[in-house]
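K.L.:
Any chance you can model this:
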Amino acid sequence: MRLALNEEWTVGARIGGGGFGAVFEAEGTVGEKAAVKLVPKAPGAEREMLFTDLDGVRNVMPVLDSGEHEDQWVLVMPRAEKSLRDHLQQHGKLPLNETVAILSDVAEALADLKDREIVHRDLKPENILLLGGRWCLADFGIARYAEATTAKRTFKLHGTFAYMAPERWNNQRATSASDIYALGVLAFELLAGTPPFTGPYEHDYHDQHLHGALPPLPTAPPLLAVLIAECLFRAPQGRPAAGNVLARLGQIPAAPLSGGLAALAEANQGAVARRAEADRRASAHATEADRRKALFEAAMASFSFIAEAFLTALTTAAPSGEVRKGDQGGWTVRINDAQLTLSGPRETASEVWGTTSAPAPFDVIASATLSLKVPTNHHGYDGRSHSLWYADAQTTDQYQWFETAFMDTPLRPVRGTTEPFALDPHHESRTAVSPTIGMQQVAWPFIPLAIGELDEFIGRWAAWLAQAANGRLAHPSQMPERNPHGSWRR
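P.N.:
Numbering: from 1, shown residues only. Now for the predicted structure:
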């Protein structure tokens, strides 16, 4: 068969296909090897749904030519070496370094797509192809085209049940977070040889994605196991963004944990898996209360790793320090007369943080307090405290832990004994982050606490603890100490 599009193509044997379209080998007029996908025209969907301008997006299969033939739309792409599904069938589960390389290629593409506000919608090994030494995404628009031509509950996206995010099963629209969920499923499959949820029937997949427990993944190093668990959080807003996933993947082979931190991270995997399971145990029809509950579970999972990594680093450097464990993963470390305390997370009531009369600039799900106390000196100074908030403080619906702190307005004549100081999310702190002038102001920028990137955070507080233990912790020379301007959404 010959196809006359922008150029002429000779179509050969069929080499693949799925629920929407068949793929054939093809050759151009100058001998260029290609693959032709024929997609049947269907009521309710237009040709434009199959095409997206992806210039500048890394690791995607380009469309060489396009058009129509009889009752089918035609897409011409380069001939790939093989699909990731073919690769998995040849090799089974993959070694760590190859897994990280594949996931990094896909995460690069997803990061660029998120910047363009494009959602793939059908990420799976069949749609990831090896081209020029890189694993590239294919079939853009196919899933969107299929959704437009089928009823909401028929799920005629054949072969995608294993990779569909919980919100898709609840008939909610696909977002970039849905692609991140599919990436988490893919990561699990590359290491384990099978996806975390295996059906086999539609109702089985439905129950497993909404309520099922994530199986253990003993072959994954701790940082990768935690990352996969976060990608598979039931709440879309709790999943990491593609750029964060890509950055953390880059650290896994280059900077493995060792010694006490490695042992601690391994022990933490079970806790993360249990909390990720709880995150997915909400009802099929999520309410606002269910959403906040799921996000709080995600906050607890992230906090546990931060708290334990912090404590291990401190006790490794100062093994003679007195340690007391607190509630919800909190702790206290005392050295001489200095006492550093991290409280456990507290859930933030939405009606306390934001009201209809005084809306908040961003959402806060949970908070904790990190305080360093010393005996009051002759200047009346007894230490400092910072707030840790689990919030979408910088990007809408992208939740993570942030460190910040507050100060009294310079117009207030009384100087506090603790400066800067922590505030829980309530009306005073809401005023501090709003354009309204209040009695408190932000004194420390909102700094994300990213798992795997805690060195500056831990090192800074370790230095302050050392100063306090030696009797040299002093009132900050200026307030605010660091310019907080522009570090949160207003």
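
K.L.:
quick one: terminal-to-terminal distance for stretch 226-236?
P.N.:
Taking Cα to Cα, to the nearest Å, the first and last residues of stretch 226-236 lie 16 Å apart.

K.L.:
average pLDDT for it?
P.N.:
Stretch 226-236 shows a mean pLDDT of 91 in the predicted model.

K.L.:
Now do the helices in the stretch 101-250 of the chain.
P.N.:
When secondary structure is read from DSSP state H, counting those that start in this stretch, the stretch 101-250 of the chain shows helices at 142-148, 166-169, 176-192, 202-211, 222-231, 242-251.

K.L.:
Would you reformat the ones you listed as CSV and include mean neighbour count and distance to R472?
P.N.:
C-beta: built from backbone N, CA, C; applies to glycine. Putting the helices of the stretch 101-250 of the chain into CSV (neighbours: other Cβ atoms under 10 Å; distance: least, Cβ to Cβ, whole Å) gives the following:
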stretch, mean neighbour count, distance to R472
helix 142-148, 21, 60
helix 166-169, 22, 51
helix 176-192, 24, 45
helix 202-211, 17, 54
helix 222-231, 24, 35
helix 242-251, 20, 34
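
K.L.:
Among those helices, which comes closest to D71?
P.N.:
Of all the helices of the stretch 101-250 of the chain, it is helix 142-148 that lies closest to D71, at 14.5 Å by Cβ to Cβ.

K.L.:
pretty sure E8 is touching T29, no?
P.N.:
Yes - counting by Cβ atoms under 8 Å, E8 sits close enough to T29 to count as a contact (5.3 Å).

K.L.:
low-scoring stretches of the stretch 201-350 of the chain, by residue?
P.N.:
Residue ranges of the stretch 201-350 of the chain with pLDDT under 70: 253-258, 261-287.

K.L.:
change it to 50
P.N.:
Counting by pLDDT under 50, the stretch 201-350 of the chain contains low-confidence residues at 282-285.

K.L.:
before we move on, what about the stretch 51-200 of the chain?
P.N.:
151-159.

K.L.:
same deal with the stretch 351-490 of the chain?
P.N.:
Low-confidence regions of the stretch 351-490 of the chain, defined by pLDDT under 50, are absent; no residue qualifies.

K.L.:
now do 80
P.N.:
Residues of the stretch 351-490 of the chain that meet the criterion pLDDT under 80 lie in 354-358, 377-379, 411-416.

K.L.:
Show the residue spans covered by the helices in it.
P.N.:
Listed in chain order, the helices of the stretch 351-490 of the chain (DSSP H, counting those that start in this stretch) span 427-432, 455-469.

K.L.:
nearest to I180, of the ones you listed?
P.N.:
helix 455-469 (24.3 Å).

K.L.:
packing partners for the closest one?
P.N.:
helix 288-317, strand 331-335, strand 338-342, strand 364-373 (3 or more Cβ pairs under 8 Å, 6 or more residues apart in numbering; DSSP states H and E).

K.L.:
nearest to L84, of those?
P.N.:
Distances from L84 to each of these were compared using Cβ to Cβ; the shortest belongs to helix 288-317, at 28.1 Å.

K.L.:
could you point out which element follows that closest one?
P.N.:
Taking DSSP states H and E as the definition, the helix or strand that follows helix 288-317 towards the C-terminus is strand 322-325.

K.L.:
circling back: who's more crowded, E8 and T29?
P.N.:
E8 (12 against 9; other Cβ atoms under 10 Å).

K.L.:
Enumerate every residue touching that one.
P.N.:
Under the criterion of Cβ atoms under 8 Å, 6 or more residues apart in numbering, the contact list for E8 reads 2, 28-29.

K.L.:
go again using 10 Å as the cut-off
P.N.:
E8 sits next to 2, 27-29, 65 when contact means Cβ atoms under 10 Å, 6 or more residues apart in numbering.

K.L.:
nearest spatial neighbour of N6, skipping sequence neighbours?
P.N.:
D65 (5.1 Å; Cβ to Cβ, 6 or more residues apart in numbering).

K.L.:
no no, T219
P.N.:
In space, T219 comes closest to L191 once its chain neighbours are excluded; the distance is 5.1 Å by Cβ to Cβ, 6+ apart.

K.L.:
Quick check: can you name the pairing partners of the helix or strand hosting F24 and their directions?
P.N.:
Following DSSP H and E, the helix or strand that holds F24 is strand 22-28. Pairing partners of strand 22-28, with direction, according to DSSP bridges: strand 8-17 (antiparallel), strand 33-40 (antiparallel).

K.L.:
circling back: touching, the residue nearest to T219 and A225? I think so.
P.N.:
Yes - taking Cβ atoms under 10 Å as the contact criterion, L191 and A225 are neighbours in contact, 9.1 Å apart.

K.L.:
shared neighbours, the two?
P.N.:
Here L191 and A225 have 217-219 as joint contacts, going by Cβ under 10 Å, 6+ apart.

K.L.:
who's in contact with A177?
P.N.:
The contact partners of A177, taken as Cβ under 10 Å, 6+ apart, are 114, 119, 165, 167, 231, 233, 235-242, 397-398.

K.L.:
just the residues you listed now: which is nearest G260?
P.N.:
The shortest approach to G260 among the contacts of A177 belongs to P240, at 25.3 Å (Cβ to Cβ).

K.L.:
wait, isn't the closest one in contact with A301?
P.N.:
No - with contact defined as Cβ under 10 Å, P240 and A301 do not form a contacting pair (11.9 Å).

K.L.:
Name the residues contacting each of those two.
P.N.:
230, 233, 451.

K.L.:
Adding distance to A368 as columns, could you present those in JSON lines?
P.N.:
Supplementary listing: the shared contacts of P240 and A301 in JSON lines, determined by distance: Cβ to Cβ, whole Å:
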{"residue": "E230", "distance to A368": "18"}
{"residue": "F233", "distance to A368": "19"}
{"residue": "I451", "distance to A368": "15"}
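
K.L.:
tell me which of the residues you listed is nearest to T369?
P.N.:
Looking at the shared contacts of P240 and A301 and their distance to T369, the nearest is I451, at 19.9 Å (Cβ to Cβ).

K.L.:
returning to what we had before: from the contacts of A177, which is closest to K41?
P.N.:
When these are ranked by distance to K41 (Cβ to Cβ), V119 comes first, at 23.0 Å.

K.L.:
residues touching the closest residue to the closest one other than its chain neighbours, list them.
P.N.:
Once its chain neighbours are removed from consideration, V119 has its nearest residue in A174; the separation is 5.1 Å (Cβ to Cβ, 6+ apart). The neighbourhood of A174, defined by Cβ under 10 Å, 6+ apart, consists of 119-122, 143-144, 147, 164-165, 167-168, 181-182, 236.

K.L.:
Repeat that for A317.
P.N.:
458-459, 462, 465-466.

K.L.:
Quick one, which of these are buried?
P.N.:
Among the contacts of A317, those buried by neighbour count (16 or more other Cβ atoms under 10 Å) are 458, 462, 465.

K.L.:
can you redo these as CSV with distance to V60?
P.N.:
Compiled in CSV, those are given as follows (distance: Cβ to Cβ, whole Å):
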residue, distance to V60
I458, 38
A462, 44
L465, 48
